[in-house]
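In: Sequence below, structure please.
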Amino acid sequence: MRHFLRGGTGPEGCDPLFQGKNSRQSRTLALRVAVAAAGLLLLADLAAPPRAEAQTGEKPPAATDANGAKTGNGAKPSNGTKTGNGTNGAKPAPAPAAPPAPAAAAPAPSGPVDVAFGAYQAGNYLTAYKEAMKRVEAGTDPAAMTLLGELYARGYGIPYDPAKARQWYERAAKAGSANAMFALGMMNLTGQGKTVDETAAQKWFEQSAKAGNPAAAYNLGLIYLQGRGVTQDFTKAATYFKQGADGGVADAQYALSVLLNAGNGVPVDKAAAIKYLTAAAEQDHVTAEVELAIATFNGNGVPKDEAAGAALFRKAALAGNAIAQNRYARVLSVGRGAPQNKVA
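Out: Predicted coordinates for the structure are as follows:
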């Protein structure tokens with residue numbers, strides 16, 4: 001969607017190092033909201049710890065979408081775009097969306113020490129399964145039910161079984177688990193264990209967002225931004241992005257900053273746009289870092305600070321962002337904001 005493919009980097013008259021009218025890089029710069037077309041953010045209820053093969057000796061099977069493409073569990077979505085906390089590529093996308101890989105972690109359950117969750121995070125999946133079953137057998141425990149759904153959905157420590165995963169998620173959702181509602185939304189969206197059902201996915205995301213899940217709110221924002229199964233509505237998209245942004249989702253913070261800056265679905269608010277852009281950059285959202293670097297270097301909406309802008313370019317460049325690499329190379333070549341180094 002072209003509303004999110006911004007060709008410019010600021011008003012004319014800004015520093016020619018990055019803003020010249022004859023600069024092809026400036027004219028063609030198009031930063032993605034978070035990811036590229038045909039998917040949504042996958043923030044799993046429980047992140048896969050580093051030892052994904054612990055206690056089993058076998059890699060769990062990856063879930064697949066309706067087209068047979070791997071989703072979640074650290075896999076690339078079917079469109080082949082890299083996703084995650086920010087984007088590292090420079091190629092524009094026709095519309096935002098897509099599940100990032102790997103999945104991001106949800107906060108650990110509050111209250112007493114959670115043995116089941118701790119075992120999962122340590123990669124001790126059989127122990128996690130046994131402890132979660134104990135809690136379920138002892139009474140209604142939506143967190144334990146969600147954990148069981150996660151284990152079956154990923155095939156960690158136990159056989160991969162999306163049907164059983166769905167059953168556990170549904171029990172947990174009925175008991176009020178926002179994370180389980182979100183997981184059901186993702187299963188319906190990706191067609192894990194059944195055919196894709198975007199209408200059902202939207203309903204689960206709505207329930208999850210209403211229950212306070214910021215990742216679900218971000219997904220709903222993308223659904224309305226794209227008009228995916230619903231009438232395209234930038235105002236609703238902005239509302240859901242704000243819920244996700246205020247809940248700490250970096251992709252939502254970046255998406256909302258873009259809408260605020262352009263006045264899509266919300267009144268133009270440059271100060272708020274910078275606020276959310278900064279929040280996303282502080283969470284290492286690479287695309288946000290690049291935009292904030294440009295604004296900071298040029299003093300566009302923030303105090304001009306070439307050194308700080310150069311530092312942000314360097315950080316994003318080291319993360320693999322091609323635009324940042326190009327801009328930082330130019331910084332070094334002229335010695336603006338960083339010592340001149342034409343060799344580097």
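
In: Quick check: which element contains Y120?
Out: helix 115-121 (DSSP states H and E).

In: send the alpha carbons of that helix over as PDB?
Out: What follows is helix 115-121, C-alpha atoms only, in PDB (Å, rounded to 0.1, in the frame of the first residue of the first chain):
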ATOM      1  CA  VAL A 115       7.900 -24.400  37.400                       C
ATOM      2  CA  ALA A 116       6.200 -25.400  34.100                       C
ATOM      3  CA  PHE A 117       7.000 -22.200  32.300                       C
ATOM      4  CA  GLY A 118      10.500 -22.100  33.700                       C
ATOM      5  CA  ALA A 119      11.100 -25.700  32.400                       C
ATOM      6  CA  TYR A 120       9.800 -24.600  29.000                       C
ATOM      7  CA  GLN A 121      12.100 -21.600  28.800                       C
END
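
In: Report the buried residues of it.
Out: By neighbour count with 16 or more other CB atoms under 10 Å, helix 115-121 contains the buried residues 115-117, 119-121. In this view, the C-beta of every residue, glycine as well, is placed from N, C-alpha and C.

In: for the record, mean pLDDT for whichever helix or strand comes after that helix?
Out: Next helix or strand after helix 115-121 toward the C-terminus (DSSP H and E): helix 125-138. Averaging pLDDT along helix 125-138 gives 96.

In: And helix 125-138, what does it pack against?
Out: Helix 125-138 sits against helix 115-121, helix 142-154, with contacts defined as 3 or more CB pairs under 8 Å, 6 or more residues apart in numbering; DSSP states H and E.

In: Low-confidence bits of this structure, can you list those?
Out: Applying pLDDT under 70 to the chain flags the ranges 1-113.

In: Okay, strands next: where are they in it?
Out: Using DSSP state E, the strands of the chain run over 63-64, 70-71.

In: Could you double-check that I323 lies in contact with V290?
Out: Yes: taking contacts as CB atoms under 8 Å, I323 lies within contact range of V290: 5.5 Å.

In: These two: who's more crowded?
Out: Taking neighbours as other CB atoms under 10 Å, I323 and V290 compare with V290 leading, 29 against 26.

In: contacting residues for that one?
Out: For V290, the contact set (CB atoms under 8 Å, 6 or more residues apart in numbering) comprises 31, 312-313, 316, 321, 323-324, 327.

In: same thing with A279?
Out: Taking CB under 8 Å, 6+ apart, one finds 245, 250, 253 in contact with A279.

In: Roughly how far does the residue lying closest to K304 once chain neighbours are set aside sit from V115?
Out: With sequence-adjacent residues excluded and distances taken as CB to CB, 6 or more residues apart in numbering, K304 is closest to N298, at 6.7 Å. Separation of N298 from V115 (CB to CB, to the nearest Å): 52 Å.

In: Over to T127?
Out: From T127 to V115 the distance is 8 Å (CB to CB).

In: One more: K130?
Out: K130 is 10 Å from V115, by CB to CB.

In: and what of Q243?
Out: Following CB to CB, the distance that separates Q243 from V115 is 32 Å.

In: same thing with R228?
Out: R228 is 40 Å from V115, by CB to CB.

In: Also I158?
Out: For I158, the distance to V115 - CB to CB - is 17 Å.

In: my read: G193 touches K164, true?
Out: No: counting by CB under 8 Å, K164 is not a contact partner of G193; they are 9.1 Å apart.

In: Disregarding flanking residues, what is the spatial nearest neighbour of Q283?
Out: That would be A250: by CB to CB, 6+ apart, it lies 4.0 Å from Q283.

In: distance of that neighbour from F241?
Out: Where F241 is concerned, A250 sits at a distance of 12 Å (CB to CB).

In: got it, and G155?
Out: G155 is 33 Å from F241, by CB to CB.

In: A128 now?
Out: Distance from A128 to F241, by CB to CB: 34 Å.

In: Between those two, tell me which one has more neighbours.
Out: F241 (33 against 29).

In: For that one, give me its contacts.
Out: 217-218, 221, 252, 255-256, 259.

In: Please identify the one among these that lies nearest to M187.
Out: Y218 (17.5 Å; CB to CB).

In: Neighbours of that closest one, how many?
Out: Neighbours of Y218 using other CB under 10 Å come to 30.

In: re the thing from before, reformat the contacts of A279 into CSV and put neighbour count and distance to Q207 next to each item.
Out: CSV is the format used below for these (neighbours: other CB atoms under 10 Å; distance: CB to CB, whole Å):
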residue, neighbour count, distance to Q207
A245, 26, 20
A250, 26, 23
Q253, 28, 23
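
In: Specify which member of the residues you listed is nearest to A237.
Out: Closest to A237, out of all of the contacts of A279 and judged by CB to CB, is A245, at 11.9 Å.

In: Contacts only, for that closest one.
Out: So A245 contacts 214, 252-253, 255-256, 276, 279 (CB under 8 Å, 6+ apart).
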